[in-house]
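> just the structure for this:
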Amino acid sequence: MPPATRELQRRRRHLPHWEQAGATYFITFRLREGQFTEDERQIVLSSCLYWDRRKWRVHSIVVMPDHVHVLARPLPIPSRTGGTPVLPNEGPTGGTPVPPRQYYSLAEILHGVKSYAAHAVNQKRGATGRLWAEESFDRIIRDESEFEEKLHYMLNNPVKAGLVEDGFEYQHLWYEGLEER
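Residues are numbered from 1 along each chain as shown. Sure thing, here's the model as predicted:
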């Protein structure tokens with residue numbers, strides 16, 4: 001469990017969004033309408049991975065035909081002297097608390113990911129306009145058990161949707177250690 005001394009930031013649009021320094025999140029965002037093609041799913045997957053180990057630590061991503069799930073933790077902002085962010089406690093739920101202003105904002109990261117993906121998908125479609133539904137859903141992961149539950153859910157999402165018989169076969173699933181399989 002994260003230490004109780006961590007400051008919890010709240011912002012609200014239609015849904016409440018909570019941010020806590022060093023927290024890991026289960027995030028879901030949806031297409032406004034329609035479905036992604038196979039190529040478009042790859043664009044979205046690449047967009048989610050672009051900031052991996054730069055602004056956030058991505059643990060898993062699954063890009064479904066009409067929505068995306070991400071399990072990730074925003075990283076500390078590097079010091080002004082430069083360098084790569086230090087990853088506190090390599091475990092999936094984070095480590096030592098750092099004041100919230102010293103971490104990248106989840107909202108900022110998601111804006112960049114969704115903006116890039118929308119531009120690339122719209123360009124491929126020869127379209128303009130909004131690609132994503134207005135808000136995303138994000139949940140702070142509270143412990144290792146919940147982390148494993150969300151990871152299992154993501155792996156089984158393409159199976160439940162009838163896209164594959166084995167989640168590991170799904171092309172638009174990415175998780176840490178995948179390259180080692």
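
> contacts and neighbour counts: CA atoms only from here.
OK.

> got a list of what the residue nearest the centre of the chain touches?
Against the mean C-alpha coordinate of the chain, by CA atoms, centre = their mean, the closest residue is residue 70 at 3.3 Å. Listed by CA atoms under 8 Å, 6 or more residues apart in numbering, the contact set of residue 70 reads 25, 26, 27, 28, 58, 59, 60, 61, 62.

> and what of residue 58?
Applying CA under 8 Å, 6+ apart to residue 58 gives the contacts 49, 52, 70, 71, 72, 73, 175, 176.

> do you know how far it is from residue 51?
According to CA to CA, to the nearest Å, residue 58 and residue 51 sit 9 Å apart.

> give me the subset of the contacts of residue 70 that lies in helices.
Judged by DSSP state H, the subset of the contacts of residue 70 located in helices is empty.

> so which of the residues you listed comes closest to residue 78?
Set against residue 78, the nearest of the contacts of residue 70 by CA to CA is residue 58 (17.5 Å).

> next, count neighbours for residue 149.
By other CA atoms under 10 Å, 11 other residues sit near residue 149.

> quick check: which element contains it?
Assigned by DSSP states H and E, residue 149 belongs to helix 144-160.

> which helices and strands sit right next to that helix?
Contacts defined by 3 or more CA pairs under 8 Å, 6 or more residues apart in numbering; DSSP states H and E place helix 144-160 against strand 56-63, strand 67-74.

> need those strands in a markdown table (columns: distance to residue 116).
Shown next, in a markdown table, are the helices and strands packed on helix 144-160 (distance: least, CA to CA, whole Å):
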| stretch | distance to residue 116 |
| --- | --- |
| strand 56-63 | 15 |
| strand 67-74 | 15 |
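
> how about those strands in TSV, adding mean pLDDT and distance to residue 166?
Converted to TSV, the helices and strands packed on helix 144-160 look like this (pLDDT from 0 to 100; distance: least, CA to CA, whole Å):
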stretch	mean pLDDT	distance to residue 166
strand 56-63	96	13
strand 67-74	96	18
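
> can you give me the strands for this protein?
Listed in chain order, the strands found in the chain under DSSP state E are 8-12, 16-20, 25-30, 56-63, 67-74, 137-140, 173-175.

> thought residue 159 was touching residue 165, still the case?
Yes. Counting by CA atoms under 8 Å, residue 159 is a contact partner of residue 165 at 5.5 Å.

> which of these two has more residues huddled nearby?
The neighbour comparison of residue 165 against residue 159 (other CA under 10 Å) goes to residue 159, with 17 against 13.

> thought the more buried one was touching residue 173?
No. With contact defined as CA under 8 Å, residue 159 and residue 173 do not form a contacting pair (11.5 Å).
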